[in-house]
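Enquirer: Requesting a structural model of the entry that follows:
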Amino acid sequence: MSPDASGTRPREYARQVLALRTLEERRAALENVPAEWRELVKKHVEIAWNHPRGGKANG
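Expert: Here you go, the predicted model:
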């Protein structure tokens, strides 16, 4: 995928969301993702969160 006007790609948005501490912060950050990429970024976050190696849900 091509970067948006700010030069940010969907996986970079996902990394930024995952770095946040609270659910409220993560939800707010997702709202700032461009609409055309929001579902893709949510999926990236969900996959990373649930991943057995390095996912936050497990450790």
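Enquirer: quick one: contacts for H44?
Expert: For H44, the contact set (Cβ atoms under 8 Å, 6 or more residues apart in numbering) comprises 10-11, 13-14. For every residue, glycine as well, the C-beta is placed using N, CA and C.
Enquirer: Show me which helix runs longest in the protein.
Expert: Ranked by number of residues, the top helix in the chain under DSSP state H is helix 35-50.
Enquirer: and the contacts of H44, which of them are in helices?
Expert: Among the contacts of H44, the ones falling in helices (DSSP H) are 10-11, 13-14.
Enquirer: check contacts around the residue positioned nearest the centre of the chain.
Expert: Nearest to the geometric centre of the chain sits A14, at 2.2 Å (Cα atoms, centre = their mean). Going by Cβ under 8 Å, 6+ apart, A14 touches 41, 44-45, 48.
Enquirer: what is the mean pLDDT for the longest helix of the chain?
Expert: Regarding helix 35-50, the rounded mean pLDDT is 95.
Enquirer: do stretch 12-31 as well
Expert: On average, stretch 12-31 scores 96.
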